[in-house]
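1. generate a structure from the sequence data that follows.
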Amino acid sequence: MITGLSRPHCDHTQAWQLLRQHRDGQFAGFDLRRAFQHEPARFETHSQQAPHVFADLSKNLVDEHARSLLLELARECMLERHRDLMFAGAPVNNTEGRAVKHWLLRVPRGASADPDAAEVHETLDAMLDCAASVRADEAITDVVNIGIGGSDLGPQMAVAALEAFAIPGKRFHFVSNVDGHELAAVLRTLRPASTLFLIASKTFTTLETMTNARSARAWFEAEGGRDVARHFVALTTNTQAAAEFGIRTTFGFRDWVGGRYSMWSSIGLPIAIAIGPENFRALLAGAHAMDRHFATAPLAANLPVRLGLLDIWNRNFLGQPSRSIAPYHSALRRLPAYLQQLEMESNGKRVDAQGRPLSVQTSPVLWGEPGTNGQHAYFQMLHQGTDTVPVEFIAVRQAAHGLPGHHAQLLANALAQAQALMQGRPDAGGHRDFPGNRPSSFFILDRLDPASLGAFIAMQEHRVFTSGSIWGIDSFDQWGVELGKVLAQDIVPRLATGEVQGLDASTAGLLARLR
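-> Predicted coordinates:
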């Protein structure tokens with residue numbers, strides 16, 4: 001229980017009951033095409049400019065009455081109070097008794113009275129000094145980040161997204177899978193004397209990360225590498241374990257930074273090396289601008305809140321179990337995977353923050369692929385399949401390349417797909433029939449730069465907070481990640497010995513075939 005805050009279950013509120021009645025009554029048979037005919041200002045009403053991000057939500061299956069009831073739901077569920085407690089440093093991660101302060105990593109120096117603010121900037125300055133040193137070191141041509149989960153997905157996504165700002169002459173590699181094929185493929189392209197390894201593990205005990213780290217060190221030494229301390233850096237709070245590994249340079253972060261929210265911390269070192277200290281600070285500044293928007297804007301004009309409430313409407317009232325992410329920019333190719341962890345690890349819960357079973361559905365399944373590739377992979381199902389799947393298009397107005405004709409084609413395809421999902425071609429008949437009335441949201445960034453990326457990702461974080469808060473769950477723990485890890489450690493020695501006593505018949509049979 002969060003101190004001083006007892007929230008009702010969302011489905012016990014009056015607004016929830018009214019939303020159900022509205023869905024089954026006045027809203028039944030809602031059609032986007034008719035909505036645009038009857039609402040001349042629908043685009044203006046359902047779109048919004050927030051810091052660095054424009055969002056058009058007008059092509060979603062929602063009307064004004066549903067919107068007003070969703071806002072009332074947020075008030076009844078005490079969303080604003082819950083949000084304010086997070087920004088006040090209260091232990092809103094109640095199952096672990098921790099504050100949630102990734103937002104503090106983005107606050108400018110001197111702008112916060114939080115007792116951890118000075119330490120945040122001390123670590124940031126030291127980390128950015130290290131990044132500048134690596135950037136200036138022409139002997140280092142390859143940077144290998146070894147981590148998993150939040151220690152991999154965020155940095156990998158951001159380095160790819162900001163490749164137009166990356167320093168020339170250095171290559172960036174990300175190794176996360178314990179499958180040795182991934183590490184071996186990277187090592188084949190490297191030379192020890194020109195490689196810097198970043199070992200990203202808060203505890204310096206993460207099985208996948210430490211397995212890969214030990215193999216990387218063994219390769220380094222076998223290939224004639226000297227001075228582990230110069231070629232390995234640890235992003236961890238376990239400085240003793242890092243020292244025993246041979247590492248002298250370490251950067252830590254506090255337990256109030258969850259893994260999937262950690263790219264803003266020292267875990268962001270590969271980002272800072274790639275784009276430089278000034279651009280990394282711009283990334284933080286963009287996120288901070290969205291933080292202030294989320295913290296201060298009225299609910300009706302608060303973009304993360306509007307998105308989170310729309311997610312509640314789609315999931316719980318329209319019965320849509322998944323959402324497709326379609327970034328129309330190749331540099332955002334890792335965005336769907338990043339958002340999968342952010343939302344599904346945060347809100348993939350079946351009990352509330354007090355451990356009581358929920359009677360409502362929570363996180364949707366997120367999936368996607370950059371456009372226009374996705375159009376030739378799964379858009380057939382979006383247009384003519386039996387399920388209605390909300391699609392989120394992300395477009396960037398200005399291209400970072402100079403190739404003529406490409407960007408107009410890209411933007412035209414994004415616009416056309418959203419248009420086709422809505423309008424359809426319902427009178428074509430048979431195989432050529434497109435039912436239309438299929439929902440989508442459309443996000444526009446003027447440029448894909450550090451500030452806009454920071455704002456966009458912070459928007460997604462706060463959107464997840466909003467829906468998780470309405471559902472009454474703890475969006476900041478991840479106990480579901482643990483069980484499989486524990487069982488794997490029991491199975492590892494069995495693969496060597498063949499011992500199957502105590503295993504179920506399926507696991508025992510599979511183990512025997514894999515030996």
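2. any low-confidence regions in the stretch 101-250 of the chain?
-> Low-confidence segments of the stretch 101-250 of the chain, defined by pLDDT under 70, are absent.
3. please enumerate the helices of it.
-> 117-136, 153-161, 180-187, 207-222, 228-231, 239-245 (DSSP state H, counting those that start in this stretch).
4. can I get the ones you listed in TSV with distance to residue 170 and mean neighbour count?
-> Every C-beta, even on glycine, is put in place using the N, C-alpha and C of the backbone. Converted to TSV, these look like this (distance: least, C-beta to C-beta, whole Å; neighbours: other C-beta atoms under 10 Å):
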stretch	distance to residue 170	mean neighbour count
helix 117-136	8	17
helix 153-161	11	26
helix 180-187	14	15
helix 207-222	18	18
helix 228-231	14	16
helix 239-245	23	15
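5. next one: phi and psi at residue 21?
-> When read as degrees, to the nearest 10, the backbone of residue 21 gives phi -60, psi -40.
6. quick one on the thing from earlier: same list (the helices of the stretch 101-250 of the chain) but as JSON lines, adding distance to residue 194.
-> Shown next, in JSON lines, are the helices of the stretch 101-250 of the chain (distance: least, C-beta to C-beta, whole Å):
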{"stretch": "helix 117-136", "distance to residue 194": "12"}
{"stretch": "helix 153-161", "distance to residue 194": "18"}
{"stretch": "helix 180-187", "distance to residue 194": "13"}
{"stretch": "helix 207-222", "distance to residue 194": "11"}
{"stretch": "helix 228-231", "distance to residue 194": "9"}
{"stretch": "helix 239-245", "distance to residue 194": "21"}
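7. ok now the helix ranked longest in the chain, how far from the chain's centre?
-> Ordering each helix of the chain by length in residues (DSSP state H) puts helix 450-471 first. In this view, helix 450-471 has its centroid 8 Å away from the chain centroid, taken as C-alpha atoms, centre = their mean, to the nearest Å.
8. quick check: next helix or strand after that helix?
-> Toward the C-terminus, helix 450-471 is succeeded by helix 482-497 as the next helix or strand (DSSP states H and E).
9. any idea of the angle that following helix forms with helix 207-222?
-> Helix 482-497 and helix 207-222 are oriented at 50 degrees to each other (axes from the mean of the first three to the mean of the last three C-alpha atoms, to 10 degrees).
10. the helix or strand following helix 482-497 - contacts with which helices or strands?
-> Counting by DSSP H and E, the next helix or strand C-terminal to helix 482-497 is helix 505-514. Applying 3 or more C-beta pairs under 8 Å, 6 or more residues apart in numbering; DSSP states H and E, one finds that helix 505-514 makes contact with helix 482-497.
11. so what secondary structure elements neighbour the helix it packs on?
-> The contact analysis (3+ C-beta pairs under 8 Å, 6+ apart) places helix 482-497 against helix 207-222, helix 505-514.
12. could the ones you listed be laid out in a markdown table, adding distance to residue 490?
-> Shown next, in a markdown table, are those (distance: least, C-beta to C-beta, whole Å):
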| stretch | distance to residue 490 |
| --- | --- |
| helix 207-222 | 13 |
| helix 505-514 | 10 |
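13. so which of the ones you listed is nearest residue 434?
-> helix 505-514 (43.2 Å; C-beta to C-beta).
14. what does the closest one contact?
-> Here helix 505-514 makes contact (C-beta atoms under 8 Å, 6 or more residues apart in numbering) with 491, 494-495, 498, 500, 503.
15. same deal with stretch 488-498?
-> The contact list for stretch 488-498 (C-beta under 8 Å, 6+ apart) reads 207, 499-500, 503, 507, 511-512, 514-515.
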